[in-house]
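*Asks:* Task: produce atomic coordinates for the following.
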Amino acid sequence: MADFLAQRDTWSTANCSIARALDVVGNRTTLLLLREASFGTRRFDDFARRAGVSEPVAAARLKQLVADGLLERRPYRQPGQRTRDEYVLTPKGRDLLPVLAALRQWGDAYAVDETGPSVRVAHHDCCAAVHVRLRCEAGHDVPPGEVDVLPGPGLLPS
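*Replies:* Sure, this is the predicted structure:
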């Protein structure tokens with residue numbers, strides 16, 4: 001692995017999974033809107049208010065999240081009102097929940113004030129705290145020092 005990492009100046013970052021993911025979710029407003037969607041927020045006004053963003057910003061980001069396939073627009077209509085859209089996480093959007101949980105876990109440990117985090121996340125069935133861990137496909141917990149970086153099929157020379 002050390003030899004492979006020593007050669008990383010010869011790699012192109014054009015196909016980097018992290019960079020491409022950040023192109024989709026790499027700004028504060030997007031992550032806050034995804035947080036709200038993961039909490040069950042569905043309506044536009046609630047997204048804007050709870051994420052603390054202006055309506056034009058919320059509209060642009062929600063539109064982009066729909067275009068990127070993370071949220072789906074579904075029409076709804078309350079009695080006596082016009083039809084509106086609500087926003088629901090797609091399977092692709094739900095696959096980001098561990099990312100949001102990891103950010104929350106890191107923030108709980110390093111970024112909150114002395115009073116502690118504003119919310120905690122627990123397993124519905126047993127109420128135990130939920131944590132994100134590195135785990136290999138064989139089911140082993142993997143400490144950060146035991147992670148190897150290997151060439152992938154999309155590695156491109158620079």
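*Asks:* buried ones in the lowest-mean-pLDDT helix or strand in the chain?
*Replies:* Lowest on mean pLDDT, DSSP states H and E among the helices and strands of the chain sits helix 2-6, with a mean of 81. By 16 or more other Cβ atoms under 10 Å, helix 2-6 has no buried positions at all. To be clear about C-beta, it is placed using only N, CA and C from the backbone, and glycine gets the same treatment.
*Asks:* As PDB, could you dump the C-alpha coordinates of it?
*Replies:* Extracted as PDB, the C-alpha positions of helix 2-6 are listed here (Å, rounded to 0.1, in the frame of the first residue of the first chain):
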ATOM      1  CA  ALA A   2       2.800   2.500   0.900                       C
ATOM      2  CA  ASP A   3       4.200   2.200  -2.700                       C
ATOM      3  CA  PHE A   4       0.800   2.900  -4.200                       C
ATOM      4  CA  LEU A   5       0.100   5.900  -2.000                       C
ATOM      5  CA  ALA A   6       3.600   7.300  -2.700                       C
END
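*Asks:* need the next SSE after it, C-terminal direction.
*Replies:* Counting by DSSP states H and E, the element after helix 2-6 in chain order, helix or strand, is strand 11-12.
*Asks:* now that next one, how far from the centre of its chain.
*Replies:* 26 Å (Cα atoms, centre = their mean, to the nearest Å).
*Asks:* neighbouring strands for that strand, and are they parallel or not?
*Replies:* Here strand 11-12 is paired, per DSSP bridges, with strand 156-157 (antiparallel).
*Asks:* So what touches the strand it pairs with?
*Replies:* Here strand 156-157 makes contact (Cβ atoms under 8 Å, 6 or more residues apart in numbering) with 10-12, 14-15.
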